[in-house]
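Enquirer: predicted model and sequence below, questions to follow.
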Amino acid sequence: MKTAYIYCRVSTEEQAEHGKSIETQERLCRKWAKDNEYNITEVFRDEGKSATTLNRPALQDMLAKGQDKNNHTEIILVQDTDRLARNTFNHLFVKKILAKNNIQLVSVSQPMLDDSPEGKLMDTMIASFNAFASQITGRKTSKVLQEKAKMGWFPGAARPCGDAASAQPRPRGQADRV
């Protein structure tokens, strides 16, 4: 029987603890594997890890196992390519490592990403869109935090040390005012 790994990732600890995203990713990949007669040999999960870096324990473990000469895994399943990388260079770098070891990356929600010239073009474009979306989100978050700071709000769990008002209780769920 053909063999596959599954790779799942969520970016925040809150998603990992309270969300269903990582379970949904795995379920969709398992369904694809069953429908296409692949045996899942291992599931790799990076919970609360950003896809803008390759410094993720489960990803590194998966890549190391994929490079093992005794490894017979044929594909790695992801729900979407943004689960693997939100940086175009990193996406292409991981795909290169996999290809060197005769492992194909399969996105179960993006079937147009195949080994055809058109599929490769779409893969690169989607990887770029994933990076773009991450950069836009980062820019929006930065702007919101800047505006909150201008309004006197400290975006954190506690006020900075030395703030005379820090002894006053604040309503639950509200940011501290400096």
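Expert: Received it, and whenever you're ready, just let me know what you need. Numbers count the residues shown, from 1 in each chain.
Enquirer: show me the contacts for the closest residue to residue 49 other than its chain neighbours.
Expert: Excluding the flanking residues, the one nearest residue 49 by Cβ to Cβ, 6 or more residues apart in numbering is residue 56, at 4.5 Å. (C-beta placed from N, C-alpha, C; glycine too.) Listed by Cβ atoms under 8 Å, 6 or more residues apart in numbering, the contact partners of residue 56 are 9, 46, 49.
Enquirer: the helix or strand hosting residue 124: what's the following helix or strand?
Expert: Per DSSP states H and E, residue 124 falls inside helix 117-150. Using DSSP H and E, the helix or strand that follows helix 117-150 in sequence is strand 153-154.
Enquirer: partners of that following strand in the sheet?
Expert: Strand 153-154 pairs in its sheet with strand 176-177 (antiparallel), by DSSP bridges.
Enquirer: so for the partner strand, mean pLDDT?
Expert: Averaging pLDDT along strand 176-177 yields 48.
Enquirer: and stretch 63-70, by the same measure?
Expert: 91.
Enquirer: now do the same contact list for residue 85.
Expert: 51, 54, 91, 94, 127, 130.
Enquirer: how about a markdown table for those residues, with neighbour count, distance to residue 32 and pLDDT added?
Expert: Shown next, in a markdown table, are the contacts of residue 85 (neighbours: other Cβ atoms under 10 Å; distance: Cβ to Cβ, whole Å; pLDDT from 0 to 100):
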| residue | neighbour count | distance to residue 32 | pLDDT |
| --- | --- | --- | --- |
| 51 | 23 | 20 | 84 |
| 54 | 17 | 24 | 90 |
| 91 | 24 | 20 | 90 |
| 94 | 23 | 19 | 93 |
| 127 | 24 | 20 | 79 |
| 130 | 22 | 20 | 78 |
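Enquirer: center of this protein - which residue?
Expert: The centroid of the chain falls nearest to residue 83 when counting by Cα atoms, centre = their mean (3.6 Å).
Enquirer: what pLDDT does that one get?
Expert: pLDDT, read off for residue 83, is 92.
Enquirer: hmm, it is touching residue 21, no?
Expert: No: counting by Cβ atoms under 8 Å, residue 21 is not a contact partner of residue 83; they are 9.4 Å apart.
Enquirer: all strands in this protein, in order from the N-terminus.
Expert: Here the chain has its strands, by DSSP state E, at 2-10, 38-47, 75-78, 104-107, 153-154, 176-177.
Enquirer: I'd like those as JSON lines, with mean neighbour count and distance to residue 66 appended.
Expert: Formatted as JSON lines, those follow (neighbours: other Cβ atoms under 10 Å; distance: least, Cβ to Cβ, whole Å):
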{"stretch": "strand 2-10", "mean neighbour count": "22", "distance to residue 66": "7"}
{"stretch": "strand 38-47", "mean neighbour count": "18", "distance to residue 66": "10"}
{"stretch": "strand 75-78", "mean neighbour count": "22", "distance to residue 66": "7"}
{"stretch": "strand 104-107", "mean neighbour count": "19", "distance to residue 66": "10"}
{"stretch": "strand 153-154", "mean neighbour count": "16", "distance to residue 66": "44"}
{"stretch": "strand 176-177", "mean neighbour count": "16", "distance to residue 66": "46"}
